[in-house]
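Participant: Turn this into a model:
(one chain, ligands or ions: 1)
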Amino acid sequence: MPSINLIATTTFGLEAVTKRELMDLGYDNFKVENGKVEFEGQIRDIVISNLWLRTAERVLLKMGEFKALSFDELFEKTKALPWEEWIPEDGNFIVEGKSVNSKLYSISDSQRIVEKAIVERLKTKYPVEWFNKSGARYTVEVSLLKDIATLTIDTSGDGLHKRGYRDRAGDAPIKETLAAAMVLLSYWNKDRVLFDPFCGSGTILIEAAMIGKNMAPGIDREFDADKWAKVPKEYWSEEKIKARKAIDHSVKLNLLGCDIDRRSILRARDNAANIGLEEDISFFIKDMRDVDLYDEYGVVITNPPYGERMGEKEEVERLYKDFGQKFKEHDTWSIYAITSNEKFEELYGKKADRKRKLYNGRIKVDFYQYYGPRPDRKEG
Ligand SMILES: C[S@@+](CC[C@H](N)C(=O)[O-])C[C@H]1O[C@@H](n2cnc3c(N)ncnc32)[C@H](O)[C@@H]1O
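Facilitator: Model (predicted):
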């Protein structure tokens with residue numbers, strides 16, 4: 001069977017984490033660029049990658065890539081691509097676009113040209129004058145970067161961060177994909193205690209629980225490509241059955257989350273229950289300063305308030321100082337915190353072992369990593 005090219009899109013800074021996930025799923029041969037990891041596969045890999053990738057934003061099917069300096073060139077080269085292999089006669093195709101540093105800078109014109117070219121191509125295959133678009137959705141994207149046009153169809157539909165467990169977002173929830181990346185970038189594993197002292201709606205702990213139990217992040221949601229004629233329905237049912245069987249129900253996790261805000265904790269409990277993980281995480285209402293920790297070699301992964309709103313700055317600065325003070329007493333713990341507050345290390349009272357630049361939505365943040373000693377050192 002001829003292979004297809006897929007692109008896992010990511011937020012900037014997470015390409016290497018998504019590539020590692022793809023390697024763990026058994027793929028090789030990658031092309032990594034800003035915000036995307038391209039890999040080869042078969043049709044079934046549309047299903048597997050959508051179901052299993054925790055840190056990717058979407059999985060796109062790459063239809064073609066070519067230089068386009070004029071609208072004529074864009075039209076002809078788009079029309080030469082085999083759209084009918086994917087889009088059926090009733091396919092509801094829409095075209096989105098973006099353009100960066102390209103001669104064809106008008107996004108709306110590029111979208112219009114691409115749509116026209118696809119219509120012309122499809123007309124040569126289907127005997128109709130007009131497409132009623134009553135069927136499944138096919139979101140085509142024309143992405144122009146330095147005069148190179150990349151044409152894709154989105155297989156995911158809703159962004160992959162929408163796992164389906166979070167129906168009521170909190171005040172400042174972190175994206176599920178970023179939360180999963182923080183866990184994957186840490187040295188936490190399912191045998192270690194994990195504590196989120198500013199847990200909000202519980203995203204980081206829920207993602208960790210899914211990782212600890214080997215639960216596919218997409219197990220409870222739908223995707224655009226699950227309605228595509230070209231992707232056999234049984235691929236979806238088979239891979240979902242496999243994913244359900246892969247969940248390790250025997251794993252006993254030690255996951256704790258506290259928040260000072262009662263509503264956040266109720267929301268976190270609801271979210272965990274939505275995905276059947278309510279037994280795996282203890283959420284409690286408390287100021288993190290008042291939490292007693294008895295374990296050693298625990299891990300903190302957290303997204304504290306950033307103090308960006310008026311009037312919050314001083315309070316957050318005090319909070320970071322107290323946070324640092326608290327974990328000074330627990331020096332076997334490893335601490336991972338994400339924040340946009342550039343004074344974090346100074347306030348926390350210690351320079352991080354490693355700092356990584358990431359994005360939380362549009363906010364530029366740093367992921368501060370403080371590595372505690374390995375648990376086995378003590379035993380050794
Ligand atoms: C950026 S939000 C965390 C969002 C969370 N990652 C999520 O996905 O929903 C920060 C949280 O810290 C909580 N918080 C503020 N001060 C606190 C304190 N002293 N102790 C515990 N939680 C606190 C806030 O109520 C808020 O929910």
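Participant: Taking the stretch 1-150 of the chain, what residue is nearest to the ligand?
Facilitator: Going by CB to the nearest ligand atom, the ligand is nearest to residue 54 of the stretch 1-150 of the chain, at 14.9 Å. Quick note: C-beta positions are derived from backbone N, CA and C, even for glycine.
Participant: shouldn't that residue be in contact with residue 21?
Facilitator: Yes. Residue 54 is within contact range of residue 21, at 6.3 Å (criterion: CB atoms under 8 Å).
Participant: what residues do these two have in common as contacts?
Facilitator: In terms of CB atoms under 8 Å, 6 or more residues apart in numbering, residue 54 and residue 21 are both contacted by the residues residue 184.
Participant: tell me the contacts of the residue in the stretch 151-300 of the chain that the ligand sits nearest to?
Facilitator: Here the stretch 151-300 of the chain gets closest to the ligand at one residue, residue 200, 2.6 Å apart by CB to the nearest ligand atom. Neighbouring residues of residue 200 by CB under 8 Å, 6+ apart: 170-174, 259, 261, 264, 267-268, 303.
Participant: Show me which residues of this protein sit near the ligand.
Facilitator: 170, 172-174, 197-198, 200-201, 203-204, 258-261, 264, 287-289, 303-305, 319 (CB under 6 Å from any ligand atom).
Participant: Which among the residues you listed count as buried?
Facilitator: Burial by neighbour count, judged by 16 or more other CB atoms under 10 Å, picks out 170, 172-174, 197-198, 200-201, 203-204, 258-260, 264, 288, 303-305, 319 from the residues of the chain next to the ligand.
Participant: Just the residues you listed: which are in helices?
Facilitator: Judged by DSSP state H, helices contain the following of those: 203-204, 264, 319.
Participant: As JSON lines, those with pLDDT and distance to residue 46 would be great.
Facilitator: JSON lines is the format used below for those (pLDDT from 0 to 100; distance: CB to CB, whole Å):
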{"residue": "203", "pLDDT": "97", "distance to residue 46": "26"}
{"residue": "204", "pLDDT": "98", "distance to residue 46": "28"}
{"residue": "264", "pLDDT": "95", "distance to residue 46": "36"}
{"residue": "319", "pLDDT": "96", "distance to residue 46": "44"}
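Participant: And the residues you listed, which is closest to residue 367?
Facilitator: residue 204 (12.0 Å; CB to CB).
Participant: The closest one is in contact with residue 181, isn't it?
Facilitator: No. Applying CB under 8 Å, one finds residue 204 not in contact with residue 181, separated by 10.3 Å.
Participant: just the ones in helices among the buried ones among the residues of the chain next to the ligand now: which is nearest residue 163?
Facilitator: residue 203 (9.5 Å).
Participant: Can you tell me the closest non-neighbouring residue to that closest one?
Facilitator: Excluding its sequence neighbours, the residue lying closest to residue 203 (CB to CB, 6 or more residues apart in numbering) is residue 179, at 4.4 Å.
Participant: so what's that neighbour up against?
Facilitator: 203-204, 206-207, 303.
Participant: a helix runs through it, doesn't it?
Facilitator: Yes. Applying DSSP: H, G, I helix; E, B strand; the rest coil, one finds residue 179 inside a helix.
Participant: per-residue confidence for it?
Facilitator: Looking at residue 179, its pLDDT stands at 98.
Participant: For the residue lying farthest from the centre of the chain, what is the enclosing helix or strand?
Facilitator: Here the chain reaches farthest from its C-alpha mean at residue 127, the gap being 40.6 Å by CA atoms, centre = their mean. In this structure, residue 127 is located outside every helix and strand according to DSSP states H and E.
Participant: Many thanks, I have nothing further to ask.
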